[in-house]
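Student: need a structure here:
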Amino acid sequence: MELLTELRTSLLSPQNYYDLYMHATDVLRRLEAYIIDEDERGGVSVVDLYESVQHAGTIVPRLYLLATVGSAYIKSKKAPTKDILFDLVELCRGVQHPMRGLFLRNYLSQVTRDKLPDKGSEFSSESSGDVKDAIEFVLQNFGEMNKLWVRMQHQGALRDLGKREKERRNLKQLVGTALVRLSEMEGVDLEMYTEVVLPKLLEVCVNCKDVIAQEYLMECIIQVFPDEFHLHTLETFLKSITHLKSKVNVNSIIVSMMNRLSNFAKTNPEKIPEDVNIFAMFHRHSGQVIKAKKDKMALDQILNLQTALLNFSSKCYPEKLEYADHVLGFTAEVVSKAGGSLDDTCTKIVKSLLTAPLETMQLAVLELSNYLPLMELLDYSDRRLLAGRMCEAVVESGEGLDTVDKVVTFFKFIEPALKDQKEKKVDAASEGYAFVKEQELVARVFHLIHSDDTDVQYDMYLKVRNAFGKGGTARIKYTIPPLVFGALSLVERVIARIKEDGAQVKYKPKKIFVFIHQILVSAYTNHYAETAVRLFLKSAAVADSCGMESIAYEFMVQCFIAFEDEISDSRAQAKAIALITSSIEKFQGFGEENWDTLVGKCGQHASKLLKKEDKARAIVNCAHLFWPTNQGEEGKTRRDEKKLLKLVQRSLKAANDCMQEQVELFVIILNKCLFFYEQEVPTINLKYIQGLICLIEQHLPNLDDDTQSDVDTKAYYLNTLKYIRSKKDAGNSAYSGLDLNSIAQN
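Tutor: Now for the predicted structure:
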């Protein structure tokens, strides 16, 4: 009893009073269990005890004891449940101190939680009460709790108002738990919620005339009750918002409800009622709120409301593009009227508003007429970020751009990522990885451009070329190569289409090759010559495979021009000539004159390389061109063993003049000669190979076992010898005359 007497204090803060309350209720729970046990054994009558505790001296301990005994009384079923419940809820009116009364009614809610005459409960019967009585009890207790909570605002001096508001916010969960109890009841179905529960809750909320209470209670209603209930009572809920105090942040209430229902619709689209236009409800009431607030509503609040509305329409009605477009149009109008540049908060909201449709609509945003006007209200850097997000969304969805209109519109949307603004140039070097990632995304978007009609595909590529051509030298490094490869793939599709069904195509392969040639020659070669060489070689290879010798030759001419005029670095020259040599070797459609010209030009450039090491490698590679292996009978007529031997000897001479990599170059030449020997080149015989091995053996002691490159060279040589020995051991007569006995095994 002394512990319960302590609950009468008014000196403790809500936090300290809560600690005392928890200790007291823990004791009371043990007391309740004892009373139930004694009553069942016949020791103490719970009926007599219920009467006697009402004569306790002070009211706060008396009501705590009464609630405890009353709970045991209900458990015993010796009196109708509803009579005890309503008796208790009325008696609790005796405590009108806000904080003490709140905790007392919270305790009453706790001890009766499992003893309500709910649907399916053991305490529900015709005489004990039904679910309506249970709901009425909870609602009465909730209403009184809310009154006590609101009353806290008006006690004490005005200077302590901030402190009291903080204390109230600390105690709000006591009020909210009453609504949780209500939502957990089995008997609260949609009908009961619509006809009884919601009207009563909204009445309590509106009549309390308190800003803090109205905001919190409306949020509680949104969060604790099922989504299906909200879908069928949305009109009633939204109408009540107009009756709230003017200082209530109704914007957050509407946004919270829209977010709740949009998340539900995303996972349960089939449960959205078709006969009710929920979007129209939200839109109508949102407009009423904005109109009522007029100049009192900040721009960021209006934008937040529109973002939630768009998010809702995107998830609940993804097929209704006009809903999303209407929201975007209204937002653009509001932002335009605001004038000036947006602050960081509003900019962030507008970007999220423009990003939201991408998650559910993907390329369908291209049909939103108000999307681009709103996007253009942002500054260039924000539009660039948004363009990158659009590219990500499209790439993730994998949805194709299959019409010219889609390509034109989409590339207009992502224009900030495709070209600089006049007043702001992009510095690719300073942006580093961010710029590279952006352009790689654009390149990935390009690969989504596809139409079964090759003519349409070419028209789309023309539009893309115009867009990419405005990007400047930094961007075309990433965007032009995919365009070239796409066009080359299109050539193969056109030829296959003509061969299969003899279709009449508007754009012939030659037209597409001209398109590729113009792209590479116009700007790309001057800035990225090394990549241009590769693209010219690939284009020549495709033209050669299509039987278009003149076009393939023209690409090779441009390749050599790029090599001669634009590549000055010796290492880059060596790599380029190696690529050119290997590409020419694979060509099959060149006539004698063009073949000789290309081979001669290749050998000429190989001989002019600055470094002896590069020259030795390039010259021995050129030897392959005088013994083609993949050109059939025509290739055999082009074989010249004398010129081949001459190139091998020139390569050896260049290697012998090297100060570095000398042994490695000898081993490379040895491997080339082994290949030629197996290809039955008359001038490359065992005697020649034997001489090369002896030459290498003479220089082998010069290698340093502590240098990794020399270790690798020695391993390369030993593996070559291992290959030769395996041939001899297998009984290959071609190698039987080769003497390896004097050479160490390791």
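Student: For the closest residue to Ile212 other than its chain neighbours, which residues are in contact?
Tutor: Nearest non-adjacent residue to Ile212, counting by CB to CB, 6 or more residues apart in numbering: Arg168, 6.0 Å away. Just so you know, the C-beta spots here come from the backbone N, C-alpha and C atoms, and that holds for glycine as well. Neighbouring residues of Arg168 by CB atoms under 8 Å, 6 or more residues apart in numbering: Trp149, Met152, Gln153, Ile212.
Student: quick one: which of those residues is most hemmed in?
Tutor: Trp149 (25 neighbours; other CB atoms under 10 Å).
Student: any chance of the contacts of Arg168 in TSV, with pLDDT, secondary structure and distance to Ala292 too?
Tutor: Formatted as TSV, the contacts of Arg168 follow (pLDDT from 0 to 100; DSSP: H, G, I helix; E, B strand; the rest coil; distance: CB to CB, whole Å):
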residue	pLDDT	secondary structure	distance to Ala292
Trp149	88	helix	27
Met152	81	helix	29
Gln153	74	helix	24
Ile212	90	helix	20
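Student: Nearest to Ser314 among the residues you listed?
Tutor: Closest approach to Ser314 among the contacts of Arg168 (CB to CB): Ile212, at 32.7 Å.
Student: For the stretch 301-450 of the chain, which segments count as helices?
Tutor: Ranges of helices within the stretch 301-450 of the chain are 321-338, 344-361, 371-375, 380-397, 404-413, 415-418, 428-431, 433-446, based on DSSP state H, counting those that start in this stretch.
Student: winner for burial among the ones you listed?
Tutor: Most buried of the helices of the stretch 301-450 of the chain by mean neighbour count (mean count of other CB atoms under 10 Å) is helix 415-418; its value is a mean of 22.
Student: and it, what does it pack onto?
Tutor: helix 380-397, helix 433-446, helix 454-468 (3 or more CB pairs under 8 Å, 6 or more residues apart in numbering; DSSP states H and E).
Student: could you redo the contacts of Arg168 as CSV and give each row distance to Val334?
Tutor: Output for those, formatted as CSV (distance: CB to CB, whole Å):
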residue, distance to Val334
Trp149, 37
Met152, 39
Gln153, 35
Ile212, 29
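Student: Can you verify Lys470 is assigned to a strand?
Tutor: No - judged by DSSP: H, G, I helix; E, B strand; the rest coil, Lys470 forms no part of a strand; its state is coil.
Student: All further residue positions should be reported with the first residue as 16.
Tutor: In the new numbering, first residue 16, that becomes Lys485.
Student: who touches it in this structure?
Tutor: Counted by CB under 8 Å, 6+ apart, Lys485 has contacts Leu433, Lys434.
Student: Likewise for Ser597?
Tutor: Ser597 makes contact with Asn636, according to CB under 8 Å, 6+ apart.
Student: pLDDT below threshold where in the stretch 516-665 of the chain?
Tutor: 517-518, 538, 646-647, 649-650 (pLDDT under 70).
Student: What of the stretch 366-515 of the chain?
Tutor: 438-439, 442-445.
Student: repeat that for 80
Tutor: 371, 374-377, 435-447, 515 (pLDDT under 80).
Student: Tell me which of the helices and strands packed on helix 430-433 lies nearest to Met37.
Tutor: helix 395-412 (49.2 Å).
Student: I'd like to check the angle between that closest one and helix 448-461, please.
Tutor: 50 degrees (axes from the mean of the first three to the mean of the last three CA atoms, to 10 degrees).
Student: how about helix 395-412 as PDB, C-alpha atoms only?
Tutor: Provided in PDB are the C-alpha atoms of helix 395-412 (Å, rounded to 0.1, in the frame of the first residue of the first chain):
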ATOM      1  CA  TYR A 395      22.700  21.900 -65.000                       C
ATOM      2  CA  SER A 396      24.500  19.800 -62.400                       C
ATOM      3  CA  ASP A 397      21.300  18.500 -60.900                       C
ATOM      4  CA  ARG A 398      20.000  17.700 -64.400                       C
ATOM      5  CA  ARG A 399      23.200  15.700 -65.100                       C
ATOM      6  CA  LEU A 400      22.700  13.600 -62.000                       C
ATOM      7  CA  LEU A 401      19.100  13.000 -62.900                       C
ATOM      8  CA  ALA A 402      20.100  12.000 -66.500                       C
ATOM      9  CA  GLY A 403      22.500   9.500 -65.000                       C
ATOM     10  CA  ARG A 404      19.800   8.100 -62.800                       C
ATOM     11  CA  MET A 405      17.500   7.700 -65.800                       C
ATOM     12  CA  CYS A 406      20.200   5.800 -67.600                       C
ATOM     13  CA  GLU A 407      20.600   3.500 -64.600                       C
ATOM     14  CA  ALA A 408      16.900   2.800 -64.400                       C
ATOM     15  CA  VAL A 409      16.600   2.000 -68.100                       C
ATOM     16  CA  VAL A 410      19.700  -0.300 -68.000                       C
ATOM     17  CA  GLU A 411      18.400  -2.100 -65.000                       C
ATOM     18  CA  SER A 412      15.000  -2.700 -66.500                       C
END
